[in-house]
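> Need coordinates for the below:
(2 chains)
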Amino acid sequence: MNGAPVFTGVGVVAPTGVGTGAHWSAVLAGEGALAPVDRFDVSGYPVGVAGLVRGFDAGACLPGRLVVQTDHWTHMGLAAADLALDDAGADPAELSEFDLGVTTASSSGGTEFGQHEMERLWAQGPGHVTVYQSIAWFYAATTGQISIRHGMRGRCGVLAAEQAGGLDALAAARGDLRDGARLIVTGGTDASLCPYGLVAQITSGLLSPCADADRAYLPFDVRAGGYCPGEGGAMFVLEDPESARARGARAYGRLTGHGATFDPQPDPWPGPPAPSYAPSGEGLWRAVEIALDDAGLAPADIDVVFADASGVPAADRAECRVIRTVFGPRGVPVTAPKTMTGRLYAGGAPLDVASALLAIRDQVIPPTINVTEPADAGIDLVGAVPREARIRHALVLARGHGGFNSAAVLSA
Amino acid sequence: MSVAVTGIGVVAPGEPGVKPYWAMLTSGRTATRRITAFDPAGLRSQLAAECDFDAEREGLTDAEATRMDRSAQLAVVAMREAVRDSGLDVDGGDPYRTGVSIGCAVGATVGLEQQYVPLSDHGRDWLMRSATPAPHLYGYMVPSTIAAEVARAYGARGPVGLVSTGCTSGLDAVGHAMRQITGGAADVMIAGATDAPISPITMACFDAIKATSPDNDRPESASRPFDRDRRGFVMGEGAAVFVLERTDRARRRGAHVYAELAGYASRSNAYHMTGLKPDGREMAEAIRVAMDRARIGATDIGYVNAHGSGTKQNDRHETAAFKRALGPHAYDVPVSSIKSMIGHSLGAIGSLELAACALTIEHGVVPPTANLHTRDPECDLDYVPRTARECDVDVVLSVGSGFGGFQSAVVMTAPGWRR
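The predicted structure follows:
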């Protein structure tokens, strides 16, 4: 591969909408999708607001046997991959099968499917565990099913780095293209909004206990008190630029830089008692420097930053410090459209990448909603209204629980 | 640019450590037994190859032993042995140039299930409203915690990730690490894999598809890859971790180089999540590309470490793949499966097998396929039955095959070997 790989297809399945059009119009309108969880009774938990994907019917877009054999997380991953391939106008059958790969991020696998099967095992006995548990629960289920569904016989990959994994998967896809692949389906989704998934997330101590959907997730705000979880994510078609040009594909943008680092957490980590998530920011700063260097860009070239936006005050402060250090006080517009969806774990950074590509396409920065009292005056946080701007290069930041930092540069 | 293996750490079934591991593999002894981790009564397969692992004896602190799932404990202990072995000066290098790549198929299933049972009142409460304290549960739900624990225990600040591609994870994590080094993202990678799947839920899910052996009355000889009378794989657990670094850097600091990682490739069959086509086409393609990247020919290969899980479809599939990729040399080269001795530890096994490959090059001994008495008539290669074989080996091929249809191959050479 010569040059940076190009994004030729985007598929979104997110709380803000199914399909890029629905997602982007909701985001530009500042329509928050956080809401009380109504999928099961959450009255017993110290949390209740989340970003659920509404209007997604797996049975309407996937064969019935696939729906039965896979978890909700894989349903959304398969649907997003279908949308991305369709958007790219790419028919895998027309390309050489070994040149097509799949690399996704997973943060927690088939949580709800796994809970059902553990229930069968412990309440009824080992003979009641279904034959699909072995292929639905594990973290590679989505990648494997996408490969099978589209006849993609190149390298398949799965990376886990909690919320940072979504960017690392894109970088791994770029590595495969450099190694000779032509087209990779990449990105990530997550779905852990079942009782087991939510109970586990609560133990991190990082979720917001606030029951008011408009006040529960306020990153960078003086009132910040944790985050809301969400589900869904985005998948992309990432291609060798020459190969994309040869088939006349439209390009949303290019993946020009990536950097990943790790911040070892102080002892004891994690918990008890949670939370102890207090990154210094040094690792994130280094990840940004590495990504900019990789892209051959200077800080002044970056036109917008899509923030990780933890919502945990100490982590917000660290991110603000990094952005101020690299770009100077109010040196770059910063936005957090995830204020509309919550944090989607493996799907979170891919959804930000989707929004960044659409921002580059439409030359408009999406809004950050509900944040009305910014804690750091040195950050030029885009408010509740989209901002028109010249956007050639966007920086997307993502941090994963435990110390993962990742940064990606997307360019027009 | 080639990548050197300068440190090896192993926690395998039996006694932890590289020395006991190699002694077991070359003696042809097996570590498969009736499960002791929990009472397996009621399961179809009640067998496993278990690590005799004591967290305190292996130097983990109370906090580490309490916080970490078994999969992370095994990985951290293996990492520490590898780092000691490599002579790497942890404080001397740039921590941002040292990364971690750990493979794991099923994550913290032991921890997840142990927490699930009281929280759900033994599966009776779907909403899991019990007030049972579960401070580490989120860390168990996200498997990236395993890689984070290794990175934290070492002090790595470079690119860190968990690679989770089912049963090829142990090869793919090393392949990922090779690329981090050759692509310039890191100078040193702590790379390997771990899995601790001997828990009721994992055993039950392989029971359901009848993939594991029901030979409960003869545990020590239940794993019989390539044998006519094989009856499925035997679950295993363990971890193997390597210190990988740029070969020129390793030479400059005078490190002992066990072997060089010369080529890696992976392909997928896009056919079935668990089924394999008998022709071995995609595994053969992975082998072909890995050989190509390593700039070797089939006849250079002196030993093939097989996936050899002991299921009929696997053994025939990969025998066909070897013939397709290596041509007539497939009949001449020794091929063996150490799963006959240490079982199949899912995501970990690929790295445990690479450790065996590096030790094969180091010591000039090919480990055998234990329990192989009568070959499957469709498996007609030289599987090194029951007894280790002394022979100088310069180039090794190791393959893996897993759920999702993934097929991976790694070529490893003796240090400095050039065709």
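> Next up, phi/psi of the residue nearest the centre of chain B, please.
Nearest to the mean C-alpha position of chain B, by C-alpha atoms, centre = their mean, lies residue B:349 at 2.0 Å. With angles defined as degrees, to the nearest 10, residue B:349 sits at phi -60, psi -30.
> Counting by contacts, list what the longest helix belonging to chain B packs against.
With secondary structure taken from DSSP state H, chain B has its longest helix at helix B:70-86. Applying 3 or more C-beta pairs under 8 Å, 6 or more residues apart in numbering or on different chains; DSSP states H and E, we find helix B:70-86 packed against strand B:3-11, helix B:62-67, helix B:109-119, helix B:144-154, strand B:188-195, strand B:238-246. Using the backbone N, CA and C atoms, a C-beta is placed for each residue, glycine as well.
> Would you format those as JSON lines with distance to chain A and mean neighbour count included?
Formatted as JSON lines, those follow (distance: least, C-beta to the nearest C-beta, whole Å; neighbours: other C-beta atoms under 10 Å in any protein chain shown):
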{"stretch": "strand B:3-11", "distance to chain A": "14", "mean neighbour count": "28"}
{"stretch": "helix B:62-67", "distance to chain A": "5", "mean neighbour count": "15"}
{"stretch": "helix B:109-119", "distance to chain A": "5", "mean neighbour count": "22"}
{"stretch": "helix B:144-154", "distance to chain A": "4", "mean neighbour count": "29"}
{"stretch": "strand B:188-195", "distance to chain A": "11", "mean neighbour count": "34"}
{"stretch": "strand B:238-246", "distance to chain A": "16", "mean neighbour count": "31"}
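> Dump the ones you listed to CSV, plus mean pLDDT and distance to residue B:173.
Shown next, in CSV, are those (pLDDT from 0 to 100; distance: least, C-beta to C-beta, whole Å):
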stretch, mean pLDDT, distance to residue B:173
strand B:3-11, 98, 13
helix B:62-67, 92, 22
helix B:109-119, 96, 18
helix B:144-154, 96, 9
strand B:188-195, 98, 5
strand B:238-246, 98, 10
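> Residue B:282 is nearest to which of the ones you listed?
With C-beta to C-beta, the closest approach to residue B:282 among those belongs to strand B:188-195: 21.3 Å.
> Can you tell me the strand partners of that closest one and which way each runs?
Take DSSP bridges as the rule and strand B:188-195 pairs in its sheet with strand B:98-103 (parallel), strand B:238-246 (antiparallel).
> where's the shortest one relative to the chain centroid, distance-wise?
Think strand B:98-103. Centre-to-centre, strand B:98-103 and its host chain are 14 Å apart (C-alpha atoms, centre = their mean, to the nearest Å).
> Next, the angle helix B:144-154 makes with that strand.
140 degrees (axes from the mean of the first three to the mean of the last three C-alpha atoms, to 10 degrees).
> which SS class is residue 314?
All of this is about chain A. Using DSSP: H, G, I helix; E, B strand; the rest coil, the secondary structure recorded for residue A:314 is helix.
> With residue A:300 instead?
helix.
> now swap in residue A:186 and tell me
strand.
> ok, it - contacts?
Applying C-beta atoms under 8 Å, 6 or more residues apart in numbering or on different chains to residue A:186 gives the contacts A:102-104, A:169-170, A:172-173, A:235-236, A:238.
> what's the nearest residue to the residue nearest to the centre of chain B if we skip its chain neighbours?
Spatial nearest neighbour of residue B:349, chain neighbours left out: residue B:170 (5.6 Å); criterion: C-beta to C-beta, 6 or more residues apart in numbering or on different chains.
> Now do the same for that neighbour: its pLDDT.
With respect to pLDDT, residue B:170 scores 98.
> measure the closest residue to chain A within chain B to residue A:70 for me?
Relative to chain A, the nearest point of chain B is residue B:404 (2.8 Å; C-beta to the nearest C-beta). Counting by C-beta to C-beta, to the nearest Å, the separation of residue B:404 from residue A:70 is 12 Å.
> Which neighbours do those two have in common?
A:135, A:141.
> Looking at the two, which is more packed in?
Remark: of residue B:404 and residue A:70, residue B:404 carries more neighbours, 29 against 26, as counted by other C-beta atoms under 10 Å in any protein chain shown.
> Provide the secondary structure category for that one.
What three-state DSSP gives for residue B:404 is coil.
> and if you look at residue A:311?
Criterion first, three-state DSSP; result for residue A:311: coil.
> ok, how many other residues are close to residue A:223?
If we define neighbours as other C-beta under 10 Å, then residue A:223 has 13 of them.
> Helix, strand or coil: sort out it for me.
coil.
> For the chain, give me the ranges with low pLDDT.
Reading this off chain A. A:266-278 (pLDDT under 70).
> switch to chain B, that's the one I care about
B:419.
> Please report the distance of residue A:25 from residue A:77.
23 Å.
> Residue A:47 in helix, strand or coil?
coil.
> and the residue nearest to it when sequence neighbours are not counted, how many residues sit next to it?
In space, and not counting its chain neighbours, residue A:47 is closest to residue A:207: 4.8 Å by C-beta to C-beta, 6+ apart. Neighbour count for residue A:207, taken as other C-beta under 10 Å: 30.
> gap between stretch B:357-369 and the chain center?
Its chain's C-alpha centre and that of stretch B:357-369 lie 16 Å apart, by C-alpha atoms, centre = their mean.
> now swap in stretch A:252-266 and tell me
For stretch A:252-266, the distance to the chain centre is 13 Å (C-alpha atoms, centre = their mean).
> do stretch A:334-353 as well
6 Å.
> now swap in stretch B:307-319 and tell me
16 Å.
> I'd guessed residue A:218 sits against residue A:225; true?
Yes: judged on C-beta atoms under 8 Å, residue A:218 makes contact with residue A:225 at a distance of 7.4 Å.
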